[in-house]
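Visitor: Got a predicted structure here, sequence first:
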Amino acid sequence: MSEDIIKWIECSEAFRGKEQLFKELFKKYASAQKALDHARQRGSALRKVTSGMAEKILESCSKSGIQPIAATDISYPHALDAVTAPIVLYVKGDPQVLLSRDPVGIIGARHPSDYSIRICTTFSKELARNKRVIISGFAPGIDRCAHLNCIREGSKTIAVLGCGIGFDYPYGSAEIQKEIAASGAVISEYPPYSKPVRTNFTQRNRLIAALSSKLLVVEASSKSGCLNTVSHALTAGTDVFVIPPHQADVERYRGQAELIRDGAQIAFEPSDLL
């Protein structure tokens with residue numbers, strides 16, 4: 001790791017929430033340092049961050065086996081350019097997994113029905129057998145089902161966190177983070193051990209959507225956070241597929257019915273995603 005990555009980490013923290021401004025300044029100056037200097041000189045409302053704080057983040061990465069990847073790094077997944085891309089991405093595991101061909105995002109409810117769990121298991125196992133990398137958000141329910149079934153089939157999965165890598169959230173899941181990282185990757189735009197904040201999870205959704213070549217919605221109510229991920233998928237140009245609702249008149253499946261009515265593709269079997 002070099003002084004250069006320290007400056008990128010400093011920029012990542014300083015420009016948090018203003019990534020587009022950094023992108024414009026970096027394009028103009030071709031230097032993270034110059035982009036930061038210019039923004040500070042013109043009085044942009046950046047977060048107060050020092051190089052010393054960035055050094056501590058880098059030290060934490062080194063101790064935890066986490067790799068910070070700047071947007072200019074060869075390992076950085078430029079599929080993220082379709083949305084507001086993080087300035088630095090933190091990765092535990094194999095960064096090359098992020099460059100996999102045709103990865104499939106699988107999302108759904110945190111408290112799914114038995115029907116949805118069965119469908120998720122069938123789809124995730126078959127996709128894994130066909131060497132598709134599965135991307136999800138590491139939440140309980142459908143996300144966790146997709147990650148674990150992928151691992152059980154000996155394939156790779158990517159967990160996109162709404163907190164820092166290493167923070168035990170959801171509580172009791174630290175070992176699963178390690179299991180995913182052993183063959184795939186755990187990623188976050190937040191520094192190691194950052195606590196989860198509610199708004200982080202809607203932010204995380206854009207990364208799931210952009211990294212996926214196809215996005216499968218397994219279960220979604222009319223108020224589901226999955227619909228936020230779908231909106232990002234439409235922005236990123238990701239194809240959206242939906243499992244037919246088990247009961248179209250039941251609220252827990254209403255989001256799926258609405259997506260199908262709005263033109264989402266129906267996935268009747270795993271081959272529809274292959």
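Guide: Okay, I see it. Computed from a predicted model, the values in this text were never measured in an experiment.
Visitor: Which parts of the stretch 51-200 of the chain are strands?
Guide: With DSSP state E, counting those that start in this stretch, the ranges of strands along the stretch 51-200 of the chain come out as 67-70, 88-93, 104-107, 134-136, 157-160, 185-188.
Visitor: can you list contacts of the shortest one?
Guide: Where contact means Cβ atoms under 8 Å, 6 or more residues apart in numbering, the residues beyond strand 134-136 that reach it are 103-107, 124, 127-128, 142-144, 146-147, 150, 155-160, 208, 211-212. C-betas here are computed from N, CA, C, even on glycine.
Visitor: How about stretch 116-133, which residues are buried there?
Guide: Within stretch 116-133, the residues scored as buried using 16 or more other Cβ atoms under 10 Å are S116, I117, I119, C120, F123, S124, K125, E126, L127, A128, R132, V133.
Visitor: Just put the residues you listed in CSV and tack on pLDDT and distance to G172.
Guide: As requested, the buried residues of stretch 116-133 are arranged in CSV below (pLDDT from 0 to 100; distance: Cβ to Cβ, whole Å):
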residue, pLDDT, distance to G172
S116, 98, 22
I117, 98, 19
I119, 98, 25
C120, 98, 20
F123, 98, 25
S124, 98, 21
K125, 98, 24
E126, 98, 28
L127, 98, 26
A128, 98, 24
R132, 97, 28
V133, 98, 25
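Visitor: Out of those residues, flag the one nearest to T50.
Guide: V133 (37.2 Å; Cβ to Cβ).
Visitor: what distance separates stretch 222-239 from the centre of its chain?
Guide: 13 Å (Cα atoms, centre = their mean, to the nearest Å).
Visitor: hang on, K7 is in a strand, isn't it?
Guide: No: secondary structure assignment (DSSP: H, G, I helix; E, B strand; the rest coil) places K7 in helix, not in a strand.
Visitor: Skip the chain neighbours and tell me the closest residue to it.
Guide: Leaving aside its sequence neighbours, K7 sits nearest to A32 (Cβ to Cβ, 6 or more residues apart in numbering; 4.8 Å).
Visitor: list the contacts for that neighbour?
Guide: By Cβ under 8 Å, 6+ apart, the contact list for A32 reads D4, K7, W8, E10, C11, F26, A70.
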